[in-house]
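Asker: Test case, fold it:
(one chain, ligands or ions: 1)
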Amino acid sequence: MAFPERFSNLPDYAFPRLRKLLDAHPPGGAPIAMTIGEPRHAMPDFVGPILAANLAGFGVYPPNDGTPELLSAISGWIARRYGVTVTEDRLMVLNGTREGLFNAAIALCPEMKAGKKPVILMPNPFYQVYAVAALTVGAEPVYVPATSATGHLPDYGSLPQDILDRVALAYICSPANPQGAVASADYLADLLALAEKHDFRVLADECYSEIWRAAPPPGLLQIAQQQGADPERALVFHSLSKRSNLPGLRSGFVAAGPECMLRLRQLRAFAGAPLPLPLQKVAEACWQDEAHVTASRKLYQAKFAGADQIFAGLQGYQAPDGGFFLWLPVEDGEAATLKLWRETGVRVLPGAYLSRDAGGQNPGKGYIRVALVAPAEETQRGLSQLRDCLYG
Ligand SMILES: Cc1ncc(COP(=O)(O)O)c(C=O)c1O
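Answerer: Numbers count the residues shown, from 1 in each chain. Just a heads-up that it's a prediction; the model follows:
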């Protein structure tokens, strides 16, 4: 039996690759995990009681798109956070952003663009679901360098005209995983203008939007409204995984223009897995509460301040504006990861596991990604060991 050709060039996922690289070697000290972007701050304390009070909800099929109460809580949060009104019919609940980012490509990418195979743009390095989504729908993924030369965001406007005319969808991630760059209001406005000029949609992955250092990052919804952009150009994805330290809840949402939303909802009605009702109840309470988000953000801000001290003076160190990763320059990411593990037990991710060779270059190769998710003391200890081992 044959298997689909379109996935034949996919590398192994980052974490099995990392296990292959490291697990044959004993750690050089007590292991400290700084690999996966899994938040480890406390989840809100109301989660348990709400879940317990709503157990009966597991006995019924949940509404596909989200309960009216949850959609209203999300709409309220968007209004408070971005000063934008997004009515409930332009929102849909997701099982986390990853699922939504993937399914949006299936629902929205046309078979042809400008009479040719469509292109889906993504930053390089990037969150890997963007590439798999492009391959799934038979589009050509175009990996656009997001390096220090471009402020760690992709410069889509610099692409040749013939590529831009074939673009159906463009993914953007702000704050960016892995680099922590935040797209400015001007960057987002330019991107929407480019989308208008070349007739494509922007899929904004904003799942780290609430983890920032100096100021809340602007959101695409806000910029689209300010600019009077066609609402069909902008799709925005948010999650409770990072905001509320609930990666296991599998809960997020997408906001989109009415036409796009009809198609997203139609696909979900046929093939989606709706979020169980008790979990929708928990999600509703999370979007209505900011206190737990503020408390968690403060913990990240303290860890970033600690990182700034530890890496002060290190050539190429750039304090991230948001998210919870450090993106640290090294000579070779895999070699540095292995050395660090064997000499100290600190476990990080080679940057190249998040990037692709494109145009003869791999922009992740000379980096490691370090997640600041562990408690402050453990994070501090891990970072000090990392500095001494790799930059000492
Ligand atoms: C950039 C980015 N987008 C999306 C996700 C998916 O998050 P979730 O599906 O938990 O909302 C992650 C998770 O690590 C991520 O880093």
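
Asker: contacts and neighbour counts: CA atoms only from here.
Answerer: Fine.

Asker: and the stretch 101-250 of the chain, which of its residues are near the ligand?
Answerer: When proximity is defined by C-alpha under 6 Å from any ligand atom, the stretch 101-250 of the chain lies next to the ligand at Y127, N177, D205, C207, S239, S241, P247, R250.

Asker: Now the two most distant members of those.
Answerer: N177 and R250 (18.5 Å; C-alpha to C-alpha).

Asker: higher neighbour count, the two?
Answerer: Ranked by neighbour count (other C-alpha atoms under 10 Å), N177 and R250 place N177 first, with 25 against 18.

Asker: doesn't W327 make contact with that one?
Answerer: No: contact criterion C-alpha atoms under 8 Å: N177 and W327 do not qualify, at 9.1 Å.

Asker: Put the alpha carbons of the longest helix along the chain into PDB.
Answerer: In the chain, with assignment by DSSP state H, the single longest helix is helix 291-310. Only the C-alpha atoms of helix 291-310 are listed here, as PDB (Å, rounded to 0.1, in the frame of the first residue of the first chain):
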ATOM      1  CA  ALA A 291      -5.600  38.500  37.700                       C
ATOM      2  CA  HIS A 292      -4.000  35.000  37.100                       C
ATOM      3  CA  VAL A 293      -2.600  36.300  33.800                       C
ATOM      4  CA  THR A 294      -1.000  39.300  35.400                       C
ATOM      5  CA  ALA A 295       0.500  37.100  38.100                       C
ATOM      6  CA  SER A 296       2.000  34.600  35.600                       C
ATOM      7  CA  ARG A 297       3.400  37.400  33.400                       C
ATOM      8  CA  LYS A 298       5.200  38.900  36.400                       C
ATOM      9  CA  LEU A 299       7.000  35.500  37.000                       C
ATOM     10  CA  TYR A 300       8.100  35.500  33.300                       C
ATOM     11  CA  GLN A 301       9.200  39.100  33.500                       C
ATOM     12  CA  ALA A 302      11.400  38.300  36.600                       C
ATOM     13  CA  LYS A 303      12.900  35.300  34.700                       C
ATOM     14  CA  PHE A 304      13.700  37.500  31.700                       C
ATOM     15  CA  ALA A 305      15.300  40.100  33.900                       C
ATOM     16  CA  GLY A 306      17.500  37.300  35.400                       C
ATOM     17  CA  ALA A 307      18.400  36.100  31.900                       C
ATOM     18  CA  ASP A 308      19.400  39.700  30.900                       C
ATOM     19  CA  GLN A 309      21.900  39.700  33.900                       C
ATOM     20  CA  ILE A 310      23.300  36.300  33.100                       C
END
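
Asker: So which residues of the stretch 51-200 of the chain form strands?
Answerer: 91-94, 119-124, 140-145, 167-173 (DSSP state E, counting those that start in this stretch).

Asker: Kindly format the C-alpha coordinates of the third one as PDB.
Answerer: Spelled out, that is strand 140-145. What follows is strand 140-145, C-alpha atoms only, in PDB (Å, rounded to 0.1, in the frame of the first residue of the first chain):
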ATOM      1  CA  GLU A 140       3.900  25.200  -1.800                       C
ATOM      2  CA  PRO A 141       5.300  26.200   1.600                       C
ATOM      3  CA  VAL A 142       7.700  29.200   1.200                       C
ATOM      4  CA  TYR A 143      10.000  29.600   4.200                       C
ATOM      5  CA  VAL A 144      11.000  33.200   4.600                       C
ATOM      6  CA  PRO A 145      14.000  34.000   6.800                       C
END
